[in-house]
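A.B. asks: next input, structure requested:
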Amino acid sequence: MTDPTASKSHWNGVYERKGPENVSWFQPHLGRSLAIIDQIGLPSTASVIDVGGGASTLVDDLLARGFSDLTVLDISAQALDSSRRRLGERAACVHWIDADVTAVELESARYDLWHDRAVFHFLTDVESRHRYVETARRAIKPGGHIIVATFGTDGPLQCSGLDVVRYDASALHSEFGSPFQPIDHVKEVHRTPWGTEQEFLYCHCRRVA
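C.D. replies: Next up is the predicted model:
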């Protein structure tokens with residue numbers, strides 16, 4: 001299993017060197033994720049966690065949509081700090097968790113929606129993926145939703161100096177198994193801040209009640 005301390009040091013270093021807008025996965029707005037969330041039609045009182053969303057603007061857009069129970073979890077304190085600075089006074093409306101998702105203890109049946117764009121594909125060992133899936137299974141309410149975006153089969157083999165695992169829809173769902181019912185999946189060609197293209201796969205599943 002990946003050493004959480006080493007991972008934390010790595011990701012803090014990435015954000016210190018590059019800043020939140022110069023990492024390869026940066027988007028000004030997570031349009032694909034927002035479209036899936038809009039399609040789900042959650043009420044504004046729904047509990048949402050953005051895993052690995054430390055510097056992402058998803059939380060900004062969900063606040064603008066009226067969501068009031070938002071959690072952002074990230075292994076990098078630097079990334080979380082950048083979002084708190086960006087949000088200013090609105091940061092007090094968000095629950096911030098500085099932790100490794102494969103080691104954190106989250107409240108059982110807490111979340112209506114679990115969102116992860118570009119974390120799961122960094123889990124290259126079986127034990128880390130198992131811990132992630134078990135954490136999600138416990139933390140998502142029965143009937144709740146999960147959106148996981150990873151590199152697709154034509155995506156890169158490495159990111160930020162680390163190896164990644166590429167997925168098609170069947171392989172990604174098989175990692176999560178029967179507690180999660182597949183709803184839909186879609187591919188997206190993401191353009192990095194320096195103009196290269198990366199294939200992402202978004203899978204939307206529902207936690208079986």
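A.B. asks: CA only for contacts and neighbour counts going forward, please
C.D. replies: Will do.
A.B. asks: which SSE is the nearest residue to His185 once chain neighbours are set aside in?
C.D. replies: Once flanking residues are discounted, His185 sits nearest to Cys203: 4.3 Å by C-alpha to C-alpha, 6 or more residues apart in numbering. Counting by DSSP states H and E, the element that carries Cys203 is strand 197-207.
A.B. asks: before we move on, back to that, and the pLDDT for the residue nearest to His185?
C.D. replies: Note on Cys203: pLDDT of 98.
A.B. asks: give me the three-state assignment for the residue lying farthest from the centre of the chain.
C.D. replies: The centre of the chain is farthest from one residue, Glu89, which by C-alpha atoms, centre = their mean lies 23.6 Å away. Of the three states, Glu89 takes helix under DSSP: H, G, I helix; E, B strand; the rest coil.
A.B. asks: list the contacts of it.
C.D. replies: Counting by C-alpha atoms under 8 Å, 6 or more residues apart in numbering, Glu89 makes contact with nothing.
A.B. asks: any figure for the gap between the most centrally placed residue in the chain and His204?
C.D. replies: The centroid of the chain falls nearest to Asp116 when counting by C-alpha atoms, centre = their mean (1.8 Å). When distance is defined by C-alpha to C-alpha, to the nearest Å, Asp116 is 11 Å away from His204.
A.B. asks: and what of Ser174?
C.D. replies: 13 Å.
A.B. asks: just the CA trace of the helix or strand encompassing Ala171, in PDB.
C.D. replies: Element membership of Ala171 [criterion: DSSP H and E] is helix 169-176. Extracted C-alpha coordinates of helix 169-176, given in PDB (Å, rounded to 0.1, in the frame of the first residue of the first chain):
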ATOM      1  CA  ALA A 169     -16.100   1.300 -18.100                       C
ATOM      2  CA  SER A 170     -16.300  -2.400 -17.400                       C
ATOM      3  CA  ALA A 171     -12.900  -2.500 -15.600                       C
ATOM      4  CA  LEU A 172     -13.700   0.500 -13.500                       C
ATOM      5  CA  HIS A 173     -17.000  -0.800 -12.400                       C
ATOM      6  CA  SER A 174     -15.500  -4.200 -11.600                       C
ATOM      7  CA  GLU A 175     -13.200  -2.400  -9.000                       C
ATOM      8  CA  PHE A 176     -16.300  -1.200  -7.200                       C
END
